[in-house]
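Colleague: Generate a structure from the sequence data that follows.
(3 chains)
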Amino acid sequence: MIRTEELLLNVGPQHPSTHGVLRIVVKLDGEVIKEATPVIGYLHRGTEKLAESLNYTQIIPYTDRMDYLSAMTNNYVLCYAVEKMMGIEVPERAQFLRLIVMELQRIASHLVWWGTYLLDLGALSPFLFAFKDREKIVDLFNELCGARLTYNYMRVGGVKWDAPPGWIDKVRDFIPYMEKQLQDYDRLVTGNEIFLNRVKGIGKYDAETAIAWGLSGVNLRCTGVKWDLRKDEPYCIYDRFEFDVPVGKNGDCYDRYLLRIEEIRQSLRILKQAVEQFPSSGETMGKVPRVIRPPEGETYVRIEAPRGELGCHIVSKGKAEPYRLKFRRPSFNNLQMLPKLLVGETMSNLIAILGGVDIVLGEVDC
Amino acid sequence: MKGMIQGLGVTLKTMFSKKVTYAYPDEPLKMPDRFRGIQHFDPDKCIVCNQCARICPTQCITLTGKPNPDPEKKGKVIDTYDINFELCILCDLCTEVCPTEAIVMTNNFELAAYSRDELFKDREWLENNNTNIRQDNNNIGAPQRGGAK
Amino acid sequence: MTKWLEQPLSWENALFFTAMAVVFLLIVLLYVVYAILFERKVLGWMQWRHGPNRLGPWGMFQTVADVLKLLFKEDTIPRKADRALFIIAPALCYAPSFAVLAVIPYTRELYFADLNVAVVYYAALSAISTIAIVLGGWASNNKYSLLGGMRSGAQMISYEVPLVLSIVGTVMMTGSMNLRKIVEAQGDWFWQWNFLPQIIGFGVFLVAAVSELNRSPFDLPEAESELVAGYHTEYSGFRFAFFMLAEYVYMFAIAGLASVLFLGGWRPPAPFLDFIPGIVWMILKMAFVIFFLFWLRATMPRVRIDQLMGFAWKVLLPLAILNVFVTAVGLELFIKG
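Modeller: Model prediction:
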């Protein structure tokens, strides 16, 4: 008597394509997924709880380790929140430096995504192409703040280091270089028919669903919702620059892919303007009290991180340490939709959809 | 077909391009001056103010002072100074708060060891780690000279 | 070889054949060692890297060290695995891959079997490896292995059909299934070789061959980003080495087959280049085909399993059949008429 059984398969926590330590328990019927449950928490370090016993400067290195592919935006959101609470004025030059590093970071982060996503889909070379170019950005950061991954660059009220001599010129040179590399990327991957077949129409959802699930960033914009905090709720000095917010139409993996590539182009466009307008001199640190004690109360700020809307909620009791610190991590929210997206798909599509969401487990588990 | 052939062209072009990898273990990597490597500790400069131990987000620095052996002078001198590199995240905050630049970053970064015990570095080791010391210790960004409260 | 093969079987030439087989096995092993090195070098170059360069000049001994490591590794068999099948599978996978090499003529004189059904022999034997992969995947008692093995079964059976059909055109042009005769029938100049009149057949053959080899972009049975390592997830040490060996020997076989069927075998591209021995041309052509496989691997993403099957049955098979018809019509109109 032949009977068929569902296959219960643990994808992860040790699996080549879960980008860290995500575990997805899938029920398979042949290769078709009947049910998928993401299990998270393998990288949980209790950042938010730890922060309650640290002062604000000490929390900054911890934010580096949340979304470790985009440490600069994480630095920023904390500093921004504290500055907003205390009403600290950030000097012009520091603002520019912050903006430049954040945009470079966005490019670096999207590059890693591009490489690993293609690696998930089975193409080996794009990964090294992307890392070759990310290396340039990482070197720039290394020169600026002395670290290659966990920068700990921003401080409440400004930035730790002024740009070293010639650094801005190096950023200026990087822009045309990257533009040229992007053409290679397009030729290598974007036109490839196998790739197109793998991603077109995969992991589709509409704008309503995306908003209902609280998706943000590219995952939201791929459905056609034009929502970018850099434009809609300008922070830092984004309102001074011209750039487009690319949106998709179909809400599938292909749109998300195109959007991320296009965002790299837009970031380069912002960088180009920022380098031209960069003030030739000025302070990099605002007037900050010796001990940072935000007044009693709470605040919530949000910025557009490479992965979506990154929020920071501080409840202060007027002490040097926050009473409660909460990060709204875009990866965590974007991941929640996964079980719904995966049902009825095959194992190969699982990888394509999971990769397309662009999660960083350091951020999901926090 | 067209896209695939274009892709093949890109990889073929790359095959004859200059390679970008570093010859790292053969040639040491030259890090920029600001690079945050293993700390160098200068006991003569230390005034045992304990600020580095207080600002450290991971509490990896432990230090003790003793009364100044020279009866003419007041204050303390450093007795023991240990950094546990199992915990240290090289975040640069200790060098940032140090008022006398007794603890500074170097460009050395090779910390790999066979045993965890080897990662516990004491005063002597840190003092002897005196190559490639960072030149520019510009502490403009340091907001909290007072350290944590 | 012709002289020896035509003699009646005696103890003397049985011994000679065994010795030849052993020598050839050693050559093939040497080839595998350097094919792996070459693959890693080419992949490296195409990815802005140098590839292996630590061990020996130009990384020459890297694969040797890797193989030694595999040999010295502990032989692990999962407790819940089907022991007998688990042990048989790697050997069963490797044996036919070496056996198919016998029918490929390397030069006019150098061949190991003058079989008049060589093409059928090749297709029949290489199908045995599929069974071994399915066995290995099933016997491991690992879910990823099982998925990999099943994918492999489906894939290799599907692609066997267009692979064989794509050869039919060549066979019709020559009127023989003997690979030696197929080479003999191709012209002196390179445009007289089979790949031009059989361009559809050649294309179908290449695609189906890459798929039969389980190589990127058709490396679904392994699919490291989806199935960890596919059918050989649980294999390690020497048993894993056998799967690896089989893969590379098949690559050798396919490269040989492609050169013989479509690229004129040992023939030089122009008659005046005749002074260079045929074996050199054969090696060059095989190296080119193998390089092409590496090149594909460096460029292509992986195909999805349903698209893969659809491609075999909906595109390649009709094309292969079309090729048979076109060849038949062409032969009738231009050759006979």
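
Colleague: Can you report phi and psi for residue B:120?
Modeller: phi -90, psi 100 (degrees, to the nearest 10).

Colleague: Quick one: residues contacting it.
Modeller: B:82, B:84-86 (C-beta atoms under 8 Å, 6 or more residues apart in numbering or on different chains). Yep, even glycine has a C-beta here, placed from its N, CA and C like the rest.

Colleague: Distance to residue A:294 added to these, as CSV?
Modeller: As requested, these are exported to CSV (distance: C-beta to C-beta, whole Å):
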residue, distance to residue A:294
B:82, 34
B:84, 31
B:85, 33
B:86, 33
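
Colleague: Check what contacts the longest strand anywhere in chain B and list those residues.
Modeller: In chain B, with assignment by DSSP state E, the single longest strand is strand B:76-84. Contact with strand B:76-84 is made by B:39, B:41, B:43, B:46-48, B:60-69, B:102, B:119-123, B:126, as judged by C-beta under 8 Å, 6+ apart.

Colleague: can you check stretch C:178-185 too?
Modeller: By C-beta under 8 Å, 6+ apart, the list of residues contacting stretch C:178-185 reads C:103-105, C:108, C:111, C:114-116, C:118-119, C:170-171, C:173-176, C:194, C:257, C:260-261, C:264-267.

Colleague: which parts of it are buried?
Modeller: C:178-183 (16 or more other C-beta atoms under 10 Å in any protein chain shown).

Colleague: ok, back up a step: so how far is the longest strand of chain B from its chain's centroid?
Modeller: 16 Å (C-alpha atoms, centre = their mean, to the nearest Å).

Colleague: Count residues in the vicinity of residue C:23, would you?
Modeller: Using other C-beta atoms under 10 Å in any protein chain shown, residue C:23 has 10 other residues around it.

Colleague: Find the closest residue to chain C in chain A.
Modeller: Nearest residue of chain A to chain C, counting by C-beta to the nearest C-beta: residue A:122, 2.6 Å away.

Colleague: Hmm, residue C:216 and that residue touching each other?
Modeller: Yes: taking contacts as C-beta atoms under 8 Å, residue A:122 lies within contact range of residue C:216: 6.3 Å.

Colleague: Quick check: neighbours shared by the two?
Modeller: In contact with both residue A:122 and residue C:216: C:300, C:302, using C-beta under 8 Å, 6+ apart.

Colleague: Pick out whichever of the two has more residues nearby.
Modeller: Neighbour count, other C-beta under 10 Å: between residue A:122 and residue C:216, residue A:122 has more, with 27 against 23.

Colleague: so which helix or strand takes in the more buried one?
Modeller: Assigning secondary structure by DSSP states H and E places residue A:122 outside every helix and strand.

Colleague: How about it, nearest residue that isn't a chain neighbour?
Modeller: residue C:302 (2.6 Å; C-beta to C-beta, 6 or more residues apart in numbering or on different chains).

Colleague: Confirm that that neighbour sits in a strand.
Modeller: No: counting by DSSP: H, G, I helix; E, B strand; the rest coil, residue C:302 is not found in a strand; it is coil.

Colleague: List the contacts of it.
Modeller: Here residue C:302 is in contact with A:121-123, A:194, A:198, A:348, C:216-220, C:223, C:225 (criterion: C-beta under 8 Å, 6+ apart).

Colleague: Can you list the low-confidence ranges for the stretch 1-150 of chain A?
Modeller: Along the stretch 1-150 of chain A, segments meeting pLDDT under 70 span A:1.
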